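# build me a model:
(one chain, ligands or ions: 2)
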Amino acid sequence: MIKPGNDPKEIAVTLLKATALPDEQVFTELAEPKYTAVDYYRMACHLLFVCQRCGTCCTTGDPIRLRREDAARLAKHLKIPLNKAVKKYTLPDPDKPGVLDFKHIRPCKFYDPEAKGCKIYAARPWSCRIFPFLGIYGSEDRVKVNESCPGSMQTMKALTAALEGARKDPAFSSLSPEKVKLNKELLRNVLETI
Ligand code: SF4
Ligand code: SF4
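Ligands and ions are numbered 1, 2, ... in the order given. Just a heads-up that it's a prediction; the model follows:
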């Protein structure tokens, strides 16, 4: 399933324009985070993706990781002190120092089976927000797709096919930095809304 109104061809064109030049040549401000071409591909996937609310990720995900800022957002959302939220809902990740995991998983304590949704949707951790197109932003790591997610493969397939067609247009090699920046910003906005 693809998001209604989101045409894979248009998104493929946006992606090709956004990656015609690297971030370093477009965002000269020092504070601007730099993203790789793989990051923009991941953002384009998010634009196309529609969650089918099957609940698989929330009922089988293990581990479900949280960053410190995720724990702080959770505490604020639940209106409890941070140390209480950390104690009640998280455990230190055994493999990643400084990283927390949700304590109650399979299913996640915050999954609502009746509504087939997340009870803390606005405060869900970053790892849930970027699922199923996981990976570390800022690296060249390829996009990791969770095959248990029914929407993810479909999204990747649609985008890959659309990219093949769009690449035939030679116009992407002669875009101005301003134009490239505009398309990068379109995709970057996706991270604000997931
Ligand atoms: S926090 Fe919400 S989105 Fe994340 S696994 Fe739990 S129920 Fe699912
Ligand atoms: S596995 Fe995929 S489709 Fe199913 S609830 Fe999770 S994100 Fe949505």
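# so where's this structure uncertain?
Along the chain, segments meeting pLDDT under 70 span 1-5, 30.
# at 80 what do you get?
For the chain, applying pLDDT under 80 flags the ranges 1-5, 30-33, 140, 144-146, 169-173.
# distance check, the residue nearest in space to the middle of it against Leu191.
Against the mean C-alpha coordinate of the chain, by Cα atoms, centre = their mean, the closest residue is Ile130 at 2.7 Å. In this view, Ile130 and Leu191 are 9 Å apart by Cβ to Cβ, to the nearest Å. C-betas here are computed from N, CA, C, even on glycine.
# joint contacts of those two?
The contact sets of Ile130 and Leu191 overlap at His46 (Cβ atoms under 8 Å, 6 or more residues apart in numbering).
# mind jotting down where the helices sit in the chain?
Assigned by DSSP state H, the helices in the chain fall at 8-18, 23-26, 37-48, 56-60, 68-78, 82-89, 126-130, 150-166, 177-193.
# number of nearby residues for Gly117?
For Gly117, the neighbour count with other Cβ atoms under 10 Å is 14.
# my read: it touches Arg53, true?
Yes. The pair Gly117 / Arg53 is scored as a contact, 6.7 Å apart, by Cβ atoms under 8 Å.
# export only the CA atoms of stretch 137-153, formatted as CSV.
Only the C-alpha atoms of stretch 137-153 are listed here, as CSV (Å, rounded to 0.1, in the frame of the first residue of the first chain):
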residue,chain,number,x,y,z
TYR,A,137,21.4,8.4,10.0
GLY,A,138,24.6,10.0,8.8
SER,A,139,26.2,6.7,7.8
GLU,A,140,26.4,4.9,4.5
ASP,A,141,24.8,1.8,6.0
ARG,A,142,22.2,0.5,3.6
VAL,A,143,18.5,0.7,4.5
LYS,A,144,17.6,-2.2,6.7
VAL,A,145,14.1,-3.5,6.0
ASN,A,146,12.3,-5.7,8.4
GLU,A,147,10.7,-8.4,6.3
SER,A,148,8.1,-9.1,8.9
CYS,A,149,6.5,-5.7,8.1
PRO,A,150,4.0,-6.1,5.2
GLY,A,151,4.3,-2.6,4.0
SER,A,152,8.0,-2.2,3.9
MET,A,153,8.9,-4.5,0.9
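# kind regards, and thank you for your time.
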